[in-house]
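In: build me a model from this:
(chains A, B and C)
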Amino acid sequence: MGATKKTTIVLFSGDYDKTMAAYIIANGAAAYDHEVTIFHTFWGLNALRKENHVPVKKGILEKMFGKMMPKGADKMGISKMNYMGMGPKMIKKVMKKHNSMPLPDLIDMAKEQDVKLIACTMTMDLLGLQKEELLVDLEYGGVSAYIGDAEDGNVNLFI
Amino acid sequence: MGATKKTTIVLFSGDYDKTMAAYIIANGAAAYDHEVTIFHTFWGLNALRKENHVPVKKGILEKMFGKMMPKGADKMGISKMNYMGMGPKMIKKVMKKHNSMPLPDLIDMAKEQDVKLIACTMTMDLLGLQKEELLVDLEYGGVSAYIGDAEDGNVNLFI
Amino acid sequence: MGATKKTTIVLFSGDYDKTMAAYIIANGAAAYDHEVTIFHTFWGLNALRKENHVPVKKGILEKMFGKMMPKGADKMGISKMNYMGMGPKMIKKVMKKHNSMPLPDLIDMAKEQDVKLIACTMTMDLLGLQKEELLVDLEYGGVSAYIGDAEDGNVNLFI
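Out: You can find the predicted model right below:
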């Protein structure tokens, strides 16, 4: 009997399209019975933010970052052809037309398939994001958690 | 006797320079007798478009995407210092001076070395790109084709 | 006794934040006793430039590239929210506040941990960067050096 295969993704990007690619690969690998981890770091952490403002105490710099960064997957821009926000709208329209899953649904699906979603604690500290502001059912870890997972991974990607 | 080594690349980016990097790595790995696959998804699919307009039936949104996106590798912009198109010209000029292969030649070389070029069918559907509009000798597949290849890969990259 | 694990990173990006991520992962993997290589190619080579102007003979195109590209890690912009240079300043301010290591220190740390820093000779040739303009203690190589390292790697990333 073969060992369980493993896929790990570092999600660094905060773009709607790149995050979609990350979650499509993650869901695909989970469907193939891989153990899958997505390690959300830097701007990738924004995919895990709650949509609504959560009142927490912050310094001024952290408040500014909080305001400037998108609140959750649905608010993110795309990496190409953003055109003042027209790009994401076109993409979402065309996705709807073709019955593609929007990003928030891809994240829910990943959770249902037991994809491990890790929030990078160093980034949380740096950008002043607190657990209350992030989705539930996450794990928290730093680079050592990532290395521990990835060194046995069959597919390791940085997105 | 060792098993054949395997390299797989997800080419997500539609930038000239990143696509060059992808094809240089692919050609290098093929020269080392790796089995190599490039899975073209999202904007990376533009590298595989024919240069000339191919008349096919499309909806309005798909027509818009078709017009806005570069037709083939030679038309793509670069990820940095694009400067209204000056960047790609400078890069191409400097490449010519140093006898570097331009991107379309790198793609031909990959084909000659039997690098497997896959067009992501989900992206084709989403952006309304049809087989007639893409280069010949491609394979077509979705995320499951990618996972199947990558899970045995020695070098797996997302570009 | 298990064999030494290996991590290789292709650093293509010239962004401060992505380069930070690359060096944080490299330092983390080295702390876990991995053999670590960072292969600096395209814009990633800028992280290895000396801060001060080094007088070397160059053609006009190469001089232009030399002027337009950041001289060293500390001068690089960030991939998101650059806001005419305000972003990098905010990031550095918030990093200082949280006692995070700035990028030049992360590079020094990598050197101390014997992370192998390779400068891509093809890129040096293309952009007209000469050894005198780069940090000391580097190795030099092309794509074949990279493939040779990566094909035995446990964690291979493209950043």
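In: pretty sure residue A:77 contacts residue A:89?
Out: No - counting by C-beta atoms under 8 Å, residue A:89 is not a contact partner of residue A:77; they are 10.7 Å apart. Backbone N, C-alpha and C define where each C-beta goes, glycine included.
In: higher neighbour count, those two?
Out: For residue A:77 versus residue A:89, the count of surrounding residues by other C-beta atoms under 10 Å in any protein chain shown is larger for residue A:77: 17 against 11.
In: quickly check: the least confident helix or strand in chain A by mean pLDDT near chain C or not.
Out: Across the helices and strands of chain A, mean confidence by mean pLDDT, DSSP states H and E is lowest for helix A:86-97: a mean of 81. No - if you take C-beta under 8 Å from any C-beta of the partner chain as the test, helix A:86-97 misses chain C, and the best it gets is 14.9 Å.
In: same question, stretch A:43-56
Out: Yes - using C-beta under 8 Å from any C-beta, stretch A:43-56 reaches chain C at residue A:43.
In: kindly report the same for stretch A:138-145.
Out: Yes - applying C-beta under 8 Å from any C-beta, one finds stretch A:138-145 touching chain C at A:142-144.
In: buried subset of these as a ChimeraX selection?
Out: To isolate the buried ones among the residues of stretch A:138-145 next to chain C in ChimeraX, judged by 16 or more other C-beta atoms under 10 Å in any protein chain shown, type:
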select /A:142,143
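In: between the residues of stretch A:138-145 next to chain C, which is closest to residue C:105?
Out: Using C-beta to C-beta, residue A:143 is the member of those that lies nearest residue C:105, at 15.6 Å.
In: ok, the closest one - contacts?
Out: Contacts for residue A:143 were tallied using C-beta atoms under 8 Å, 6 or more residues apart in numbering or on different chains; they are A:120, A:122, C:24-25, C:27-28.
In: now it: how far from chain B?
Out: 19 Å (C-beta to the nearest C-beta, to the nearest Å).
In: if I look at that residue, how far off is residue A:47?
Out: In this view, residue A:143 and residue A:47 are 19 Å apart by C-beta to C-beta, to the nearest Å.
In: then residue A:112?
Out: Computed with C-beta to C-beta, the distance linking residue A:112 and residue A:47 is 17 Å.
In: neighbour-wise, which of those two wins?
Out: Per other C-beta under 10 Å, whichever of residue A:112 and residue A:47 has more neighbours is residue A:47, with 32 against 10.
In: pLDDT score for the more buried one?
Out: We note a pLDDT of 96 for residue A:47 in this prediction.
In: how far away is it from chain B?
Out: Taking C-beta to the nearest C-beta, one finds residue A:47 at 16 Å from chain B.
In: which positions in chain A make contact with chain C?
Out: Chain A comes close to chain C at residues A:10, A:12, A:14, A:41-43, A:59, A:61-62, A:64-65, A:68-69, A:122, A:125-128, A:142-144, A:146-148, A:150-153, A:156-158, as judged by C-beta under 8 Å from any C-beta.
In: in ChimeraX, how would I select just the buried ones from those residues?
Out: Remark: buried members of the residues of chain A next to chain C, expressed as a ChimeraX selection using 16+ other C-beta under 10 Å:
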select /A:10,12,14,41,42,43,61,62,65,69,125,126,127,128,142,143,146,147,150,151,152,153,156,157,158
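In: tell me which of the residues of chain A next to chain C fall in helices.
Out: A:61-62, A:64-65, A:68, A:122, A:125-127, A:143-144, A:146-148, A:150 (DSSP state H).
In: how about those, which pair is most distant?
Out: Put simply, by C-beta to C-beta the two of these set farthest apart are A:64 and A:148, 33.6 Å from each other.
In: next one: phi and psi at the residue nearest to the spatial centre of chain A?
Out: Taking C-alpha atoms, centre = their mean as the criterion, residue A:47 is the residue nearest the geometric centre of chain A, at 4.3 Å. Dihedral angles phi and psi of residue A:47 (degrees, to the nearest 10) take the values phi -60, psi -20.
In: show me where chain A has strands.
Out: Taking DSSP state E as the test, the strands found in chain A are A:6-11, A:35-40, A:116-120, A:139-141, A:155-158.
In: okay, those in CSV with mean pLDDT next?
Out: Listed next are the strands of chain A as CSV, based on pLDDT from 0 to 100:
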stretch, mean pLDDT
strand A:6-11, 98
strand A:35-40, 98
strand A:116-120, 98
strand A:139-141, 97
strand A:155-158, 98
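In: what does chain A put close to chain B?
Out: A:5, A:7, A:17-18, A:21, A:24-25, A:27-29, A:31-32, A:34, A:79-81, A:90, A:93-95, A:97-98, A:100, A:154-159.
In: which among the residues you listed count as buried?
Out: Those of those that meet the buried threshold are A:5, A:7, A:17-18, A:21, A:24-25, A:27-29, A:34, A:79-81, A:90, A:94, A:100, A:154-159, by 16+ other C-beta under 10 Å.
In: any low-confidence regions in chain A?
Out: Along chain A, the parts satisfying pLDDT under 70 run over A:1-2, A:81-86.
In: in it, what residue lies closest to chain B?
Out: For chain A, the residue positioned closest to chain B under C-beta to the nearest C-beta is residue A:28, at a distance of 3.6 Å.
In: that residue and residue A:36, how far apart?
Out: Taken as C-beta to C-beta, the spacing of residue A:28 relative to residue A:36 amounts to 9 Å.
In: kindly report the same for residue A:11.
Out: Residue A:11 sits 12 Å away from residue A:36, taking C-beta to C-beta as the criterion.
In: please apply the same query to residue A:114.
Out: Separation of residue A:114 from residue A:36 (C-beta to C-beta): 8 Å.
In: need the overlap of contacts for the two.
Out: Taking C-beta under 8 Å, 6+ apart as the contact criterion, the common neighbours of residue A:114 and residue A:36 are residue A:30.
In: between these two, which is the more surrounded one?
Out: residue A:36 (27 against 9).
In: got a list of what the more buried one touches?
Out: A:6-9, A:26, A:29-30, A:110, A:113, A:115-116.
In: and which of these is nearest residue B:73?
Out: Closest to residue B:73 out of these is residue A:9 (26.8 Å), distances taken as C-beta to C-beta.
In: that closest one and residue A:150 touch, don't they?
Out: No - proximity of residue A:9 to residue A:150 does not meet the contact threshold set by C-beta under 8 Å, at 9.5 Å.
In: good, we can wrap up now.
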